[in-house]
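Asks: starting from these lines, generate the structure:
(one chain, ligands or ions: 1)
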Amino acid sequence: MSETIKPITIKTFQKMKQSGEKISMLTAYDCSTASYLDESGIDSILVGDSLGMTVLGYDTTIKVTTEDMITFTKAVSNGVKRALVIADMPFLSYHVSIEQTVQNAGKLIQSGAKAVKLEGASDFILNEINHLTNCGINVAGHLGFTPQYINAIGGYFVQGKSCENTLKLLESAKRLEENGAFCVILEMVPEESAKYISENLSIPTIGIGAGKYCDGQVLVINDIIGKSPNDFHIPKFVKQYADVKSIIKTAACAYNNDVKQKMFPSAEYTFNLPEEEREKLEHLITK
Ligand code: KIV
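Replies: Here you go, the predicted model:
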């Protein structure tokens with residue numbers, strides 16, 4: 001008898017915050033990886049616009065489009081039974097008008113995501129979160145270092161590095177919470193600041209480079225398995241758990257060698273004609 005799977009929802013996130021159980025989140029961009037993460041017990045899978053770098057080879061997330069996010073969200077959702085799938089809304093897909101934001105978010109939800117993520121906490125964005133949640137679309141916030149603002153920020157800098165800036169971050173996080181966000185990602189924030197923010201919010205914080213006191217943690221899958229593009233800068237906050245690049249290169253070298261040495265495909269990897277058909281063919285050849 002197959003075991004019934006209880007999907008993780010935004011209510012589960014809230015319960016985990018209250019009970020103190022840490023929330024685990026990883027990014028994924030394809031169906032098979034997403035299914036492995038799901039089977040591993042990861043609570044939430046983020047279809048991050050980091051796919052611009054990890055999959056599409058861009059230098060930032062800025063070039064990622066809603067169409068890209070739809071394709072990858074469908075792929076990931078098809079592999080997931082339990083984890084909460086969150087899809088990033090890409091650059092400028094939620095800055096033009098409420099109508100466009102709702103339509104774009106709706107496309108990601110129709111692609112299988114159970115929530116969308118937006119960066120920032122301007123008045124405009126808070127209003128959008130309100131509208132989205134009124135439509136039944138769950139929204140995750142993202143504060144601290146916000147990659148879609150890279151050109152305005154001017155580099156990969158830790159955010160909230162003073163008491164005053166920590167209080168500003170908390171203020172933004174509270175406004176996200178008041179307007180309906182169910183969690184907030186804190187990226188590249190000092191541990192003490194993230195702790196203070198986490199303790200003063202009712203919704204869970206999910207840290208990336210924000211220390212151990214956040215209610216959950218998220219990392220980019222390619223970073224933790226060592227499958228980043230060549231020359232890609234791996235941030236200080238990443239712990240690498242595997243070396244998939246070496247595994248792929250070792251397999252590819254062995255295959256290349258087998259092909260060149262005519263050792264592949266051998267009999268076990270080959271289809272053959274039935275005996276009598278083979279004889280007929282040989283007869284034709286020898287004619
Ligand atoms: O796009 C992404 O992968 C993200 C995480 C870094 C939080 O937003």
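Asks: partners of the biggest strand by length in the chain, with directions?
Replies: Looking across the chain with DSSP state E, the single longest strand is strand 138-144. Strand 138-144 has its sheet partners listed here by DSSP bridges as strand 115-117 (parallel), strand 183-187 (parallel).
Asks: deepest in the core, which of these is it.
Replies: Of all the strands paired with strand 138-144, strand 183-187 has the most neighbours on average by mean count of other C-beta atoms under 10 Å, namely a mean of 27. Every C-beta, even on glycine, is put in place using the N, C-alpha and C of the backbone.
Asks: quick one: it near the ligand?
Replies: Yes - applying C-beta under 6 Å from any ligand atom, one finds that strand 183-187 is in contact with the ligand at Ile185, Glu187.
Asks: can you dump the C-alpha coordinates of the helix or strand just after that strand into CSV?
Replies: Per DSSP states H and E, the first helix or strand lying C-terminal to strand 183-187 is helix 191-199. The C-alpha coordinates for helix 191-199 follow below in CSV (Å, rounded to 0.1, in the frame of the first residue of the first chain):
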residue,chain,number,x,y,z
GLU,A,191,23.8,36.9,12.0
GLU,A,192,22.9,39.2,14.9
SER,A,193,20.6,41.4,12.7
ALA,A,194,18.9,38.3,11.2
LYS,A,195,18.4,37.0,14.8
TYR,A,196,16.8,40.2,15.9
ILE,A,197,14.5,40.4,12.8
SER,A,198,13.5,36.7,13.2
GLU,A,199,12.6,37.2,16.9
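Asks: which ones are touching Leu84?
Replies: Contacts of Leu84 were listed using C-beta atoms under 8 Å, 6 or more residues apart in numbering, and they are Pro7, Ile8, Thr9, Ile10, Thr12, Phe13, Asp43, Ser44, Ile45, Lys114, Ala115.
Asks: show the pLDDT at it.
Replies: Note for Leu84: predicted pLDDT of 99.
Asks: repeat that for Glu279.
Replies: We have a pLDDT of 95 for Glu279.
Asks: name the helix or strand for it, please.
Replies: Judged by DSSP H and E, Glu279 forms part of helix 275-286.
Asks: not counting that helix itself, show me its contacts.
Replies: Residues from elsewhere that reach helix 275-286 (C-beta under 8 Å, 6+ apart): Asn272, Leu273.
Asks: can I get that helix in PDB, CA atoms only?
Replies: Extracted in PDB, the C-alpha atoms of helix 275-286 (Å, rounded to 0.1, in the frame of the first residue of the first chain):
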ATOM      1  CA  GLU A 275      19.200 -15.200 -36.700                       C
ATOM      2  CA  GLU A 276      17.300 -15.900 -40.000                       C
ATOM      3  CA  GLU A 277      17.100 -12.200 -40.900                       C
ATOM      4  CA  ARG A 278      20.800 -11.800 -40.200                       C
ATOM      5  CA  GLU A 279      21.500 -14.700 -42.600                       C
ATOM      6  CA  LYS A 280      19.300 -13.200 -45.300                       C
ATOM      7  CA  LEU A 281      21.200  -9.900 -45.000                       C
ATOM      8  CA  GLU A 282      24.600 -11.600 -45.000                       C
ATOM      9  CA  HIS A 283      23.500 -13.500 -48.200                       C
ATOM     10  CA  LEU A 284      22.600 -10.100 -49.800                       C
ATOM     11  CA  ILE A 285      26.000  -8.700 -48.800                       C
ATOM     12  CA  THR A 286      28.000 -11.600 -50.200                       C
END
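Asks: tell me the buried residues in that helix?
Replies: Of the residues in helix 275-286, none count as buried by neighbour count, 16 or more other C-beta atoms under 10 Å.
Asks: show me what residue of this protein gets nearest to the ligand.
Replies: Gly48 (2.2 Å; C-beta to the nearest ligand atom).
Asks: residue contacts, that residue?
Replies: Thr27, Tyr29, Asp88, Val220.
Asks: if we go to 10 Å?
Replies: Shown in contact with Gly48 (C-beta atoms under 10 Å, 6 or more residues apart in numbering): 25-29, 54, 61, 64, 69, 72, 86-88, 117, 142, 147, 185, 208, 218, 220-221.
Asks: from these, which ones fall inside strands?
Replies: Met25, Leu26, Thr27, Ile86, Ala87, Asp88, Lys117, His142, Ile185, Ile208, Val218.
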